[in-house]
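Enquirer: Return a 3D structure for these sequence lines:
(one chain, ligands or ions: 1)
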Amino acid sequence: MVPYSPWDIAAAQAIIAPLAARKGATLPILHALQDEFGYIDAAAIPLIADALNLSRAEVHGTVTFYHDFRSEPPGRKVIKLCRAEACQSVGSERLVAHLKQRHGLALDATTADGELTLETVYCLGNCALGPSALVDGELIGRLDETRLSALCGCRAGAGDRA
Ligand code: FES
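Expert: Numbering: from 1, shown residues only. Here you go, the predicted model:
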């Protein structure tokens, strides 16, 4: 589990202020906020816009353009499954289908109990050892259905999430 801080406007302002003077500050600020809180809270948008003299729409557009930025808090565990070409060629789409059919888990979503967020990524630089995933920031290779089920907290081969 990645220990994110709960959203806090004063803490967000303390992150934004020192970065605001940098050239091209929007992305560094968004990354810093997501590193701290796990996502970009909607309340951060006007703070960033004011600090950078941008419109709220411009900041919102940047957040939604980049797939990496979340607009909701992630689950306690975050698994990013690679679906780029090399991993596809060794079974990543089979794993996606397994998650959905066997466990009812969808990519780019968080389970209702807040335990797990599954996300799509496109290449983790581990192509020779695919299918690959990042599990709470740790790179995992040679994934198969049984291992992925276990990583997701599902009982391997026993059906749905408990
Ligand atoms: S394609 Fe999956 S790690 Fe490169």
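Enquirer: Just give the closest residue to the most centrally placed residue in the chain, not the sequence neighbours.
Expert: Note on the chain: the residue nearest the mean C-alpha position is Glu119, at 5.5 Å, using CA atoms, centre = their mean. In space, and not counting its chain neighbours, Glu119 is closest to Lys80: 4.6 Å by CB to CB, 6 or more residues apart in numbering. No exception for glycine: its C-beta is placed from N, CA and C like everyone else's.
Enquirer: next SSE after the helix or strand that neighbour falls within?
Expert: According to DSSP states H and E, Lys80 maps onto strand 77-82. Using DSSP H and E, the next helix or strand after strand 77-82 towards the C-terminus is helix 85-89.
Enquirer: From the ligand, how far off is the residue of the chain most remote from its centre?
Expert: Distance from the C-alpha centroid of the chain peaks at Asn53, with 27.8 Å (CA atoms, centre = their mean). Going from Asn53 to the ligand by CB to the nearest ligand atom, to the nearest Å gives 39 Å.
Enquirer: Next: Val135.
Expert: 14 Å.
Enquirer: Looking at that residue now. What's its pLDDT?
Expert: On the pLDDT scale, Val135 is placed at 95.
Enquirer: Look up which residues are beta-bridged to it.
Expert: Counting by DSSP bridges, Val135 is bridged to Ile79, Glu138.
Enquirer: hey, where'd the strands end up in the protein?
Expert: Under the criterion DSSP state E, the chain contains strands at 77-82, 109-110, 116-121, 133-135, 138-140.
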